[in-house]
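Q: heads up, no residue letters with this:
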């Protein structure tokens, strides 16, 4: 078997918390084929996603789930080997480009295969704060780690029961959130996209306000 499609994994995570009490898997995902990815669901229904080291042997996916009345058919979506022909990538990028806290990243340049499926965004607040990332780091005395900030929003969104957001690292080691916008991946429907964008935008605004802008103000006051 080949790698799990990221869109199929997103679709799976849309419903997994309904009947699964605990879940843990080491996954081979098509968007990140060289790296082991770990996904687990805690007793509090919180999804947790992390990328780990590169595969040392032949890559494969292993997933274990526990829950009352577990229906094995819910795992069939992970066996999907073809993406829907339609994507909402252009629409999603257009909406995200209007955000004051997210920066859209062209993944086709250095992370993933050349396709419109994958949308990359980085939470940094450069437009809202009118600073570059380097200037933000200097203004906070180096106390803000934007990679950790992006991991925090991954965890916050994945704990909100609105589906799954993953991430990758670009050629400079920066963490970039990754969304598969293919048909069936959970982001293509207008209302679904609107709801998810509302959640991730609110989380991003809060994180930038409290953990970045607040640090800048504090450092400036201390001078």
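A: Arrived safely. As the structure is a prediction and not an experimental result, all values here were calculated from the model.

Q: next, count neighbours for residue 68.
A: 7 (other CB atoms under 10 Å). C-beta coordinates here come from the backbone N, C-alpha and C atoms, glycine included.

Q: same question but for residue 132, I mixed them up
A: Around residue 132 there are 11 residues (other CB under 10 Å).

Q: stretch 186-193: which residues count as buried?
A: Neighbour counts using 16 or more other CB atoms under 10 Å place 186-188, 192-193 of stretch 186-193 among the buried residues.

Q: pLDDT wise, what is the closest residue to residue 38 other than its chain neighbours at?
A: Once flanking residues are discounted, residue 38 sits nearest to residue 50: 5.0 Å by CB to CB, 6 or more residues apart in numbering. pLDDT recorded at residue 50 is 95.

Q: ditto for the one 3 residues further on
A: Per-residue confidence for residue 53 comes out at a pLDDT of 91.

Q: try the one 10 residues further on
A: Confidence at residue 63, expressed as pLDDT, is 92.

Q: wait, residue 37 touches residue 24, no?
A: No: using CB atoms under 8 Å, residue 37 is not in contact with residue 24, being 11.9 Å away.

Q: more crowded one of the two?
A: A count of neighbours by other CB under 10 Å puts residue 37 above the other of residue 37 and residue 24, at 22 against 15.

Q: and the helix or strand containing that one, which strands flank it?
A: Secondary structure from DSSP states H and E places residue 37 in strand 35-41. According to DSSP bridges, strand 35-41 forms sheet pairs with strand 22-27 (antiparallel), strand 47-54 (antiparallel).

Q: who's residue 178 bridged to?
A: Bridge pairing for residue 178 - DSSP bridges - gives residue 120, residue 166.

Q: heads up, I number from 228, so please use that
A: In the new numbering, first residue 228, that becomes residue 405.

Q: neighbours of it, how many?
A: When neighbours are counted by other CB under 10 Å, residue 405 registers 23.

Q: before we move on, what about residue 389?
A: 18.

Q: same thing with residue 276?
A: 21.

Q: what sits against it?
A: Applying CB atoms under 8 Å, 6 or more residues apart in numbering, we find residue 276 in contact with 264-266, 381, 385, 391-394.

Q: closest to residue 373 out of the strands paired with strand 262-268?
A: strand 274-281 (16.9 Å; CB to CB).

Q: tell me which residues in the closest one are buried?
A: Buried residues in strand 274-281, counting neighbours by 16+ other CB under 10 Å, are found at 274, 276, 278.

Q: where does this protein have low pLDDT?
A: Residues of the chain meeting the criterion pLDDT under 70: 244-245, 270-271, 308-316, 335-343, 410, 415, 444-450.

Q: longest helix of it?
A: In the chain, assigned by DSSP state H, the helix with the most residues is helix 417-434.

Q: run the chain-centre distance for it.
A: From the chain centre to the centre of helix 417-434 is a distance of 12 Å (CA atoms, centre = their mean, to the nearest Å).

Q: so what does that helix touch, helix or strand wise?
A: For helix 417-434, the packing partners by 3 or more CB pairs under 8 Å, 6 or more residues apart in numbering; DSSP states H and E come out as helix 316-324, helix 373-385.

Q: neighbouring contacts of it?
A: Contacts of helix 417-434 (CB under 8 Å, 6+ apart): 315, 318-319, 322-323, 326-329, 350, 376, 379-380, 383-384, 387, 389-390, 392, 413-414.
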